[in-house]
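Engineer: what follows is a protein structure lacking sequence information:
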RNA sequence: GCGCCUCUAGCUCAAUGGCAGAGCAAUGGACUCUUAAUCCACAGGUUUCGGGUUCGAAUCCCGAGGGGCGCACCA
């Protein structure tokens, strides 16, 4: 069967519904339109047929009559899921449904498979993710989730553009995977006969652009981490990182909450959300609590990076966390925080004053040698964002990398490698700078009320099917 | 990677060791205002796969595969 190469189309379902909302039952408008979409429901009635057609903007009924519609017999034998282009007059039926009274029509493509149960859609997760194209037609909430993701990304870009940021792109193929503590994927470049890593963060490249004179930059893109998959983790995920010259972490906290609240406002029209049946407020300002303060409250005694290591190790072991010999008080405090506080933080909270030991790219805190000017945002029990005053002293940065190398030697897997190119870049002078990274998928999850990260990724990473 | 749960018709689901079923979709038909149309008829199965126990297995056991959740890793 030969189908057309194009269809001369001038109307969308959503626009027609809006423009002709006022006409009465049984009225005819005299307006001739051409529209296209998929047949989602079909009700034949002898010499009449009613089809519900859906396009990207909504649904409209097609009203076919044997006395008016060409090829009426074929029309009444359309399959659910077939794409059609129709031309006819906009009318409202006697029973009150806005319709296109079809004069001519053509099949644009046929559907060999159906789109699931008319009531229930498709609920099998495997089928939904492996054949998202079917899921999107069967389940309106899937379309809404991906639309909201798109709207979140649009809002982030527009807010940053409005504040003078420019968008840049940096390499995904990296000789050294750095900028975060995570295991990379590797791939082989044939001409160089070299194994590249896929980036785990764009951080170091972006700061080199600040050294190069770009004062407000951001990158929105995919990063790759060779780690476990969970309802909150996909091996490739989308991060937005941004850097502002002359700012410190406190300036950046304000921008962080503005961006996220702004995205919610733009997409939902409010910063008061319901996430998984529970109220959540993204309204600014967000709570700011130091890691030591939150952890002290949780364990019922004063703890900090200045506590005795013995005591921190003891508190950890009470919570079934076995401290590695290589952990100092900073790592111990961070672990204790994760064990006691992380899950309980529901509304977005800036957790500030991260230990220097776990923050190899952050600038030392101006009031405490063992801390950095770094925060992470926790929300719904998960990390949402990470930001800090950037470490811009090349000598200090070298020392931090060397500390990381020592930890690696002591058996810690997820540590950063020494990046000589980056240290050399810092030697040209990085101004005081603040940086931020936001997990875009996780922000989209909140705004789309998605329980699983796979819901807001069009094609999440799936296990390839193998013969059993 | 580990643990628990799960997998039945194209889709959504029944069948609680005793004949494998329904609704929708599909197929054939009736019907000039339907709305998940309705009505009649027809068809659809290696119960994910491979073993085992049993007179008898969708059901119980073992193994494999896919998925969900939790843990670990991490954002």
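Structural biologist: That came in fine, so what should we check first? Predicted model, so just to flag it, every value in this text is computed and none were measured.
Engineer: could you use CA atoms for every contact and neighbour count after this?
Structural biologist: Will do.
Engineer: helices and strands around the helix or strand of chain A with the lowest mean pLDDT, which ones?
Structural biologist: Ranked by mean pLDDT, DSSP states H and E, the weakest helix or strand in chain A is helix A:394-409, scoring a mean of 89. Applying 3 or more Cα pairs under 8 Å, 6 or more residues apart in numbering; DSSP states H and E, one finds that helix A:394-409 contacts helix A:420-427.
Engineer: report the angle between the helix it packs on and helix A:394-409.
Structural biologist: Interaxial angle of helix A:420-427 relative to helix A:394-409 (axes from the mean of the first three to the mean of the last three Cα atoms, to 10 degrees): 160 degrees.
Engineer: element containing the residue in the stretch 251-400 of chain A positioned nearest to RNA strand B?
Structural biologist: Scanning the stretch 251-400 of chain A for the residue nearest RNA strand B gives residue A:383, at 3.7 Å (criterion: Cα to the nearest atom of the strand). Following DSSP states H and E, one finds residue A:383 within strand A:382-389.
Engineer: check residue A:150 too.
Structural biologist: Counting by DSSP H and E, the element that carries residue A:150 is helix A:140-162.
Engineer: was I right about residue A:170 contacting residue A:205?
Structural biologist: Yes - with contact defined as Cα atoms under 8 Å, residue A:170 counts as touching residue A:205 (6.4 Å).
Engineer: how about stretch A:87-101 and RNA strand B, any contact?
Structural biologist: Yes - residues of stretch A:87-101 contacting RNA strand B under Cα under 7 Å from any atom of the strand: A:93-97.
Engineer: could you pick out the longest strand of chain A?
Structural biologist: Counting by DSSP state E, the longest strand found in chain A is strand A:28-45.
Engineer: list the buried ones in that strand?
Structural biologist: By neighbour count on 16 or more other Cα atoms under 10 Å, the buried set for strand A:28-45 is A:28, A:32-42.
Engineer: centre of the chain to that strand, how far?
Structural biologist: The chain centroid and the centroid of strand A:28-45 are separated by 36 Å, computed with Cα atoms, centre = their mean, to the nearest Å.
Engineer: can you tell me if it touches RNA strand B.
Structural biologist: Yes - under the criterion of Cα under 7 Å from any atom of the strand, RNA strand B is reached by strand A:28-45 at A:41-45.
Engineer: what is the nearest of these to residue A:373?
Structural biologist: residue A:41 (58.2 Å; Cα to Cα).
Engineer: residue A:53 is in contact with the closest one, correct?
Structural biologist: Yes - under the criterion of Cα under 8 Å, residue A:41 makes contact with residue A:53 at 7.3 Å.
Engineer: any idea of the pLDDT on residue A:1?
Structural biologist: For residue A:1, the pLDDT comes out at 60.
Engineer: scratch that, residue A:178
Structural biologist: 81.
Engineer: ditto for residue A:262
Structural biologist: So, for residue A:262, pLDDT stands at 98.
Engineer: host element of it?
Structural biologist: Going by DSSP H and E, residue A:262 is part of helix A:249-268.
Engineer: quick one, that helix and helix A:140-162 angle?
Structural biologist: Helix A:249-268 runs at 140 degrees relative to helix A:140-162, counting by the same axes, to 10 degrees.
Engineer: does RNA strand B sit close to the helix or strand that helix A:249-268 is followed by?
Structural biologist: Next helix or strand after helix A:249-268 toward the C-terminus (DSSP H and E): strand A:272-275. No - using Cα under 7 Å from any atom of the strand, strand A:272-275 stays clear of RNA strand B, coming no nearer than 14.1 Å.
Engineer: what strands flank strand A:272-275, and is each parallel or antiparallel?
Structural biologist: Strand A:272-275 sits in its sheet next to strand A:278-281 (antiparallel), going by DSSP bridges.
Engineer: hang on, residue A:425 packs against residue A:211?
Structural biologist: Yes - if you go by Cα under 8 Å, residue A:425 and residue A:211 touch, sitting 7.1 Å apart.
Engineer: who's in contact with stretch A:297-311?
Structural biologist: Identification of contacts with stretch A:297-311 by Cα atoms under 8 Å, 6 or more residues apart in numbering yields A:292-293, A:295-296, A:312, A:315, A:328-330, A:332-333, A:340-341, A:355, A:370-371.
Engineer: and that stretch, average pLDDT?
Structural biologist: The pLDDT scores in stretch A:297-311 average 95.
Engineer: and the end-to-end length of that stretch?
Structural biologist: Using Cα to Cα, to the nearest Å, one end of stretch A:297-311 lies 16 Å from the other.
Engineer: what are the buried residues along it?
Structural biologist: Within stretch A:297-311, the residues that count as buried by 16+ other Cα under 10 Å are A:298, A:303-305, A:309.
Engineer: filter those down to the ones in helices?
Structural biologist: Of the buried residues of stretch A:297-311, the ones assigned to helices by DSSP state H are A:298, A:309.
Engineer: looking at the buried residues of stretch A:297-311, which is nearest residue A:447?
Structural biologist: Checking these against residue A:447 by Cα to Cα gives residue A:298 as the nearest, at 28.7 Å.
Engineer: what about the helices in the stretch 201-350 of chain A?
Structural biologist: In the stretch 201-350 of chain A, the helices defined using DSSP state H, counting those that start in this stretch lie at A:203-211, A:249-268, A:291-299, A:309-318, A:329-340.
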